[in-house]
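>>> Turn this into a structure:
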Amino acid sequence: MILSRVPGVALIPILSADEIMLLAVVMVPVLLLYLFILVSEEAFELAGIKISHAFFMTFGALIGSFIDIPLATIDGVTLAVNVGGCLIPVVLSAEILVKRRMNLMPAVLSVAVVSVASYLFSFPVEGQGILMPFYVAPLVGAAAGILFTWAGPSAAGAAYIGGTVGTLIGADFLNLATPGTIETIAGGETAMLSIGGAGVFDGIFLTGILAVFLATLATRRIRRSQKDAGTVRRE
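Okay, the predicted model is just below:
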């Protein structure tokens with residue numbers, strides 16, 4: 001969640017506006033290149049996301065990160081949901097569950113673990129929003145996805161759902177439900193708080209991608225180790 005009247009990126013340590021813009025310009029092509037060449041479509045196939053939907057996720061999150069839908073006004077502070085950082089990750093998570101028909105329990109447990117970690121590591125900052133170190137949710141999401149699926153084929157899907165939905169619940173919704181958070185962020189001024197929003201390029205989008213990458217790479221390594229161990233035993 002980010003305060004729309006002040007430049008800043010949720011889930012990323014505090015940066016200046018110029019540094020945020022530079023990071024966005026550099027990260028977009030790097031992530032796309034890494035996504036479609038180095039990791040290839042297998043990561044998204046493991047997560048249950050087709051390549052066409054991966055493009056939609058990338059550019060939809062980029063464009064949608066600038067779109068906020070107001071929900072309610074509390075004490076002069078307008079609460080809104082961000083299209084790129086909230087709605088798109090939720091829709092994709094639902095699609096993974098439906099299309100992949102993956103077991104619901106690993107996804108629920110992953111969401112629960114990431115929610116707790118996100119709540120513990122996030123903190124409200126006056127005039128900026130709710131911030132959290134960018135590496136927490138992807139690492140926890142990937143670990144939870146691997147653990148609760150026993151490094152199975154649905155590990156990446158569980159990691160994506162846990163990383164995105166868990167971050168929304170833990171960093172945004174639970175903090176919003178904590179008394180005094182809204183007042184602390186707004187600083188007594190009229191403002192809009194965007195759930196899942198990051199202003200330039202969405203932190204929750206990056207969380208989901210990184211969680212898929214980490215879960216996929218770790219699962220490959222685990223399976224390769226198991227295969228090698230089985231080969232040694234047969235010999």
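>>> Which secondary structure element is home to residue 80?
Taking DSSP states H and E as the definition, one finds residue 80 inside strand 77-82.
>>> Quick check: mean pLDDT of that strand?
Strand 77-82 carries an average pLDDT of 86.
>>> Equivalent analysis for stretch 168-176, please.
Along stretch 168-176, the predicted local confidence has a mean pLDDT of 91.
>>> Same question for stretch 98-112.
Model confidence over stretch 98-112 averages 88 on the pLDDT scale.
>>> And for stretch 118-130?
Across stretch 118-130, the average pLDDT comes to 86.
>>> Just the CA trace of it, in PDB.
As requested, the backbone C-alpha atoms of stretch 118-130 are provided in PDB (Å, rounded to 0.1, in the frame of the first residue of the first chain):
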ATOM      1  CA  SER A 118       4.600  -9.600   5.700                       C
ATOM      2  CA  TYR A 119       2.800  -8.300   8.700                       C
ATOM      3  CA  LEU A 120       5.800  -8.700  11.000                       C
ATOM      4  CA  PHE A 121       8.300  -7.100   8.500                       C
ATOM      5  CA  SER A 122       6.100  -4.300   7.200                       C
ATOM      6  CA  PHE A 123       5.700  -0.900   8.900                       C
ATOM      7  CA  PRO A 124       3.700   2.300   8.200                       C
ATOM      8  CA  VAL A 125       5.700   5.400   7.300                       C
ATOM      9  CA  GLU A 126       4.100   8.900   7.500                       C
ATOM     10  CA  GLY A 127       3.700  10.400   4.100                       C
ATOM     11  CA  GLN A 128       4.800   7.300   2.200                       C
ATOM     12  CA  GLY A 129       2.700   4.300   3.000                       C
ATOM     13  CA  ILE A 130       3.400   0.700   4.300                       C
END
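>>> Buried residues of stretch 102-120, list them for me.
Across stretch 102-120, burial judged by 16 or more other C-beta atoms under 10 Å covers 102, 106-115, 117-119. Using the backbone N, CA and C atoms, a C-beta is placed for each residue, glycine as well.
>>> closest to residue 210 among the residues you listed?
Residue 210 has its nearest neighbour among the buried residues of stretch 102-120 in residue 114, at 12.4 Å by C-beta to C-beta.
>>> can you give me the strands for the protein?
Secondary structure of the chain by DSSP state E: the strands cover 2-3, 68-74, 77-82, 123-125, 129-131, 191-195.
>>> Could you list every helix and strand in contact with the longest one?
Right, strand 68-74. Contact partners of strand 68-74 among helices and strands, from 3 or more C-beta pairs under 8 Å, 6 or more residues apart in numbering; DSSP states H and E: strand 77-82, strand 191-195.
>>> a markdown table please, covering those and showing distance to residue 225 and mean neighbour count.
Shown next, in a markdown table, are the helices and strands packed on strand 68-74 (distance: least, C-beta to C-beta, whole Å; neighbours: other C-beta atoms under 10 Å):
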| stretch | distance to residue 225 | mean neighbour count |
| --- | --- | --- |
| strand 77-82 | 40 | 21 |
| strand 191-195 | 40 | 23 |
